[in-house]
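**Student:** Provided below are the primary sequence and the corresponding predicted coordinates.
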Amino acid sequence: MKRHIAGASLLVAALGAVTVLWPAPTIRLAAPETVHLAAALQDYRPAGAFRQGTRVVDAPRFRQNSSALDIMKHHVSEANYTLCAAEDACPAIPSKGRADFAQTGVNFTDATAYALWLSARTGQHWRLPTDAEWLRAAADRGSEDGFSEDANGSDPSRRWIAAYLREVELRGEADLEAHPIGHFGDNTAGVADMAGNVWEWTETCFQNGTLSPDGASIATQSAYCGVRAVQGKHRAFVIDFIRDARSGGCAAGVPPDYLGFRLVREG
């Protein structure tokens, strides 16, 4: 389907590479407030489903170097998304008329369209965070989705039981009441509303992988980008065109209460 997006980037293929050309906007918007995260070492468990032989197991945690990062302090609001939709740069989404609430009911394409529009309107490059970047920004509110050593052992029933108990607990924590931006306060990094009841799209694709015989490293890995990692109180995986995971389309994990997003700035 042909899509017209005002202010979107032009993609030019040259010598097998793709270059993104950001047009000079006719009207520049003030950049949203961001929080700066310094470069640091980060322990990270890849997002997806991994097997060791025939058993489903956790992906190993790796320590990696993470670059400095500027991330939006707040979610993209209804008021800001409405500006993008008014210029036909973002798909129109029914608005609740709550300017100071996070824009929810958005899918992956809606969020990336907004990133293109904001990049054109500010003269800066904005994009969705990766799953690892989101977890680093979540700081003390980030969740660990690994299971115990016992649940990763040779008896698969232990993992089934652990997964069931976690799902029961997470479903009991559902919060289906919409709240204004700032309701959940700032985390230790100064980022607002992390791990509240709005889950956030990331650009990370669902990974299928296998581990080495000792389980210490990933032997094979492939990405399925029709499903993306979303982050909030817990990590979940949602089909990229879904706007309400509670009505279906949550590929793995307990469905998020709401789907929204915030962006990171490059350069």
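**Tutor:** Perfect, I can see it now.

**Student:** Model confidence score at R51, please.
**Tutor:** With respect to pLDDT, R51 scores 87.

**Student:** So it sits against T210, correct?
**Tutor:** Yes: assessed by CB atoms under 8 Å, R51 is found in contact with T210 at 5.3 Å. Every residue, glycine included, has its C-beta placed from N, CA and C.

**Student:** Next up, identify which helix or strand the residue positioned nearest the centre of the chain is on.
**Tutor:** The centre of the chain sits closest to T202, judged by CA atoms, centre = their mean, with a distance of 2.3 Å. For T202, the host element (DSSP states H and E) is strand 198-211.

**Student:** what does A132 give?
**Tutor:** helix 131-138.

**Student:** Give me the residues contacting that helix.
**Tutor:** If you take CB atoms under 8 Å, 6 or more residues apart in numbering as the criterion, helix 131-138 is touched by 35, 37, 40, 42, 44, 47, 64, 66, 69, 71, 129, 142, 187, 189, 191, 194-195, 200, 202, 204, 229, 231, 235, 264.

**Student:** next one: stretch 250-261
**Tutor:** With CB under 8 Å, 6+ apart as the test, stretch 250-261 has contacts from 49, 75-76, 102-107, 111, 114, 128, 167, 170-171, 174-176, 178, 197-201, 206, 227, 230, 232, 234-239, 242-246.

**Student:** what about burial for these, which qualify?
**Tutor:** By neighbour count, with 16 or more other CB atoms under 10 Å, the contacts of stretch 250-261 hold 75-76, 102-107, 111, 114, 128, 170, 197-201, 206, 227, 230, 232, 234-239, 242-245 as buried.

**Student:** For A111, which non-adjacent residue is closest in space?
**Tutor:** F261 (4.2 Å; CB to CB, 6 or more residues apart in numbering).

**Student:** Just the strands from the stretch 151-267 of the chain, written as ranges.
**Tutor:** In the stretch 151-267 of the chain, the segments counted as strands under DSSP state E, counting those that start in this stretch are 198-211, 218-231, 236-239, 250-252, 258-260, 264-266.

**Student:** Which one of the ones you listed lies nearest to S119?
**Tutor:** strand 264-266 (9.0 Å; CB to CB).

**Student:** Please work out which of the strands of the stretch 151-267 of the chain is packed deepest.
**Tutor:** Highest mean neighbour count among the strands of the stretch 151-267 of the chain (mean count of other CB atoms under 10 Å): strand 258-260, with a mean of 27.

**Student:** In its sheet, which strands sit next to it, and in what direction?
**Tutor:** Strand pairing for strand 258-260, using DSSP bridges, gives strand 198-211 (parallel).

**Student:** what about the nearest residue to R127 once chain neighbours are set aside, which helix or strand?
**Tutor:** Closest residue in space to R127, ignoring its immediate chain neighbours: A115 at 5.2 Å, by CB to CB, 6+ apart. Applying DSSP H and E as the criterion places A115 in helix 108-122.

**Student:** then that helix to PDB, C-alphas only?
**Tutor:** Output of helix 108-122 as PDB, limited to C-alpha atoms (Å, rounded to 0.1, in the frame of the first residue of the first chain):
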ATOM      1  CA  PHE A 108       4.900  -0.100  15.700                       C
ATOM      2  CA  THR A 109       4.200   1.700  12.400                       C
ATOM      3  CA  ASP A 110       2.400   4.600  14.100                       C
ATOM      4  CA  ALA A 111       5.400   5.100  16.400                       C
ATOM      5  CA  THR A 112       8.000   5.000  13.700                       C
ATOM      6  CA  ALA A 113       5.900   7.400  11.600                       C
ATOM      7  CA  TYR A 114       5.900   9.800  14.500                       C
ATOM      8  CA  ALA A 115       9.700   9.400  14.800                       C
ATOM      9  CA  LEU A 116      10.100  10.400  11.100                       C
ATOM     10  CA  TRP A 117       7.900  13.400  11.500                       C
ATOM     11  CA  LEU A 118       9.500  14.600  14.700                       C
ATOM     12  CA  SER A 119      12.900  14.200  13.100                       C
ATOM     13  CA  ALA A 120      11.900  16.400  10.200                       C
ATOM     14  CA  ARG A 121      10.200  19.000  12.400                       C
ATOM     15  CA  THR A 122      13.100  19.400  14.900                       C
END
